[in-house]
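J.: I would like the atomic coordinates for the input below:
(one chain, ligands or ions: 1)
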Amino acid sequence: MENRIVVGGALIHCGRVLAARRSAPPEVAGSWEFPGGKAEPGETEEQALERELYEELGVHARALEPLPGRWTVRAGLELRIWAAELLSGDPRPLQDHSEVRWLGPAELTDVDWLEHDREVLPYVARLLAAPERAAGHA
Ligand SMILES: Nc1nc2c([nH]c(=O)n2[C@H]2C[C@H](O)[C@@H](COP(=O)(O)OP(=O)(O)OP(=O)(O)O)O2)c(=O)[nH]1
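T.: Numbers count the residues shown, from 1 in each chain. Now for the predicted structure:
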């Protein structure tokens, strides 16, 4: 049986967080998530997230801290969500997504999130309110 971690990134820049709309598979297509993917064997969660954000969006980012919560997506696959900061690049939906959107604190519930992702929105709101994050600094 598969025993993997999938890491999503709450990518923060200039007081906003990035939401990405999935294009596949059909069960989740159209819903919004924190972009990321599965950790490869031997990778840390941070490494996996930074690699996935580059592959999926073409950006360089740094994982900052895991947000509270872990969820079983399906047997043997566990989801974690990390806060991350944008280092360089302009996120583009290169694979797995049809659209990306930066959301400010008042817009966090404007998109139709996957259910697990919705649970971390209070923590994301707190990060956006922290001036050192809101300004885009480490
Ligand atoms: N990436 C990501 N997946 C999520 C989130 N929330 C959530 O329920 N999932 C679910 C959707 C998928 O069924 C499952 C696996 O994630 P994934 O689709 O990104 O991984 P993948 O199969 O594309 O694998 P990979 O080869 O791209 O690493 O996790 C989230 O915030 N980010």
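J.: count of residues packed around the closest residue to residue 92 other than its chain neighbours?
T.: Excluding the flanking residues, the one nearest residue 92 by C-beta to C-beta, 6 or more residues apart in numbering is residue 58, at 5.4 Å. C-beta: built from backbone N, CA, C; applies to glycine. Counted with other C-beta atoms under 10 Å, the neighbours of residue 58 add up to 15.
J.: got it, and residue 52?
T.: Neighbours around residue 52, by other C-beta under 10 Å: 24.
J.: ditto for residue 51
T.: As a burial measure, residue 51 scores 16 neighbours (other C-beta under 10 Å).
J.: Determine the three-state secondary structure at residue 56.
T.: Going by DSSP: H, G, I helix; E, B strand; the rest coil, the secondary structure assigned to residue 56 is helix.
J.: quick one: it and the ligand, what's the gap?
T.: From residue 56 across to the ligand, the span is 8 Å (C-beta to the nearest ligand atom, to the nearest Å).
J.: if we can go back for a sec, angles on the backbone of the residue nearest to residue 92, please.
T.: phi 70, psi 30 (degrees, to the nearest 10).
J.: Would you map the strands across the chain?
T.: With strands called from DSSP state E, the chain shows them at 4-13, 16-22, 32-33, 36-38, 60-66, 71-74, 77-88, 97-103.
J.: Can you name the residues of this protein that neighbour the ligand?
T.: 6, 8, 28, 33-34, 36-38, 73, 79, 81, 96, 114, 116-117 (C-beta under 6 Å from any ligand atom).
J.: on that earlier part again, look up how far the ligand lies from the residue nearest to residue 92.
T.: 15 Å.
J.: Run through the residues that contact that residue.
T.: 89, 90, 91, 92, 94 (C-beta atoms under 8 Å, 6 or more residues apart in numbering).
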